[in-house]
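Q: For reference, the sequence and a predicted model appear below.
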Amino acid sequence: MSEPTINNEEVFENVAQSKTYRNDHCKECSITQKDCKVCSYGNRGKMLNLKDKVFQRYQFYFQNKNTLHEIRPIKMMNPDEVQLMANSYKTSKVFQTVKNQLLDNVPKERRGVCPFCMISEPTTMDHYFSESEYPEYIIFAPNLVPCCSHCNSVKGKRLFLKNEGEIKRTVIHFYYDVLPQTKYLKSTFYVIDKIPQISFWLEFENETEITGIIKKHFETLHLLERYRKRSNGILSTECENIRVCLVNGFSVKDCVRLLRCKAQSSEKIFGKNYWEACIYRAMSESEDQLMKLVEN
């Protein structure tokens, strides 16, 4: 996924301008003005007064987009200001437009699946740096990634893991992390007593910082187990199709070619490490196991 091309300063100011104002007690004037930009009493003024501090943190985020573990929480807002930012995300009509833009930023062919798991529909937004620990990033577009509710709930604040004095990330940042282009999600298809089964595991050519993050990502979100459970329906359907084909005169090689085509089309749309593509690929490489589906 590409980094959102959203003007974050414009978003912040538009959200602030949509807030209520109140300058009845303003020292600058004695009358209420609808568009007063110096008032510090209403939510509009309070939010605009936060802008400089918040934008320093925005800049820090950009400076560390390739070293995200360096971004640590700091206390820079009082509880009222934190709530003001939270409300800007939850209730602002202006920011709803930004959410729609973030959804549109996902390639069309992938909009139906959560990038974190590639299973469910992305019905919410994940705050990569959690909103409770990093309130300054609540309406910061690069910190928001379309996500399914399950992944959002499981991830929560589990972004960092401290190991032997080192702080390591446990979840992929889909705008800034550069993922390997090689196939690292592996799978094996086998049949026991005519019951199709599949196993998944991760395997990398080289161990690097990003491969460590990928491993933790899969572990944090329980992806291998979720894939195994989700695969049951696909396996049942595909194996029944193969049984019908074999008993009606189609050869195993015919079935293998069809499975390869399904694997290739899935890989083209979702990538080499898409879990459904791995199922089709594993089945296509297991002719001996396919024959077990019709053995007496």
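A: Noted; the coordinates are in hand.

Q: Now do the helices in the stretch 51-200 of the chain.
A: Under the criterion DSSP state H, counting those that start in this stretch, the stretch 51-200 of the chain carries helices at the ranges 79-91, 93-104, 149-155.

Q: out of these, which comes closest to Tyr137?
A: helix 79-91 (9.0 Å; C-beta to C-beta). Quick note: C-beta positions are derived from backbone N, CA and C, even for glycine.

Q: Show me what counts as buried in that closest one.
A: Buried residues in helix 79-91, counting neighbours by 16 or more other C-beta atoms under 10 Å, are found at 81-82, 84-85, 87-89.

Q: which of those residues lies closest to Leu161?
A: Using C-beta to C-beta, these come closest to Leu161 at Val82, 25.3 Å.

Q: Need the nearest residue in space to the closest one, chain neighbours excluded.
A: Pro135 (4.5 Å; C-beta to C-beta, 6 or more residues apart in numbering).

Q: ditto for Ser130
A: According to C-beta to C-beta, 6+ apart, the nearest residue to Ser130 is Lys157 (4.8 Å).

Q: So the one you found sits against Phe129, correct?
A: No: checked against C-beta atoms under 8 Å, the pair Lys157 and Phe129 is beyond contact range at 9.5 Å.

Q: Looking at these two, which one has more neighbours?
A: Phe129 (23 against 11; other C-beta atoms under 10 Å).

Q: what are the phi and psi angles of that one?
A: In terms of degrees, to the nearest 10, the main-chain angles of Phe129 are phi -90, psi 120.

Q: Can you tell me the closest non-neighbouring residue to it?
A: Nearest residue to Phe129, sequence neighbours excluded (C-beta to C-beta, 6+ apart): Tyr137, at 5.2 Å.

Q: do you know how far the one you found is from Tyr89?
A: 10 Å (C-beta to C-beta, to the nearest Å).

Q: mind checking which helix or strand of the chain has the lowest mean pLDDT?
A: The weakest-scoring helix or strand in the chain, judged by mean pLDDT, DSSP states H and E, is strand 160-163 (a mean of 81).
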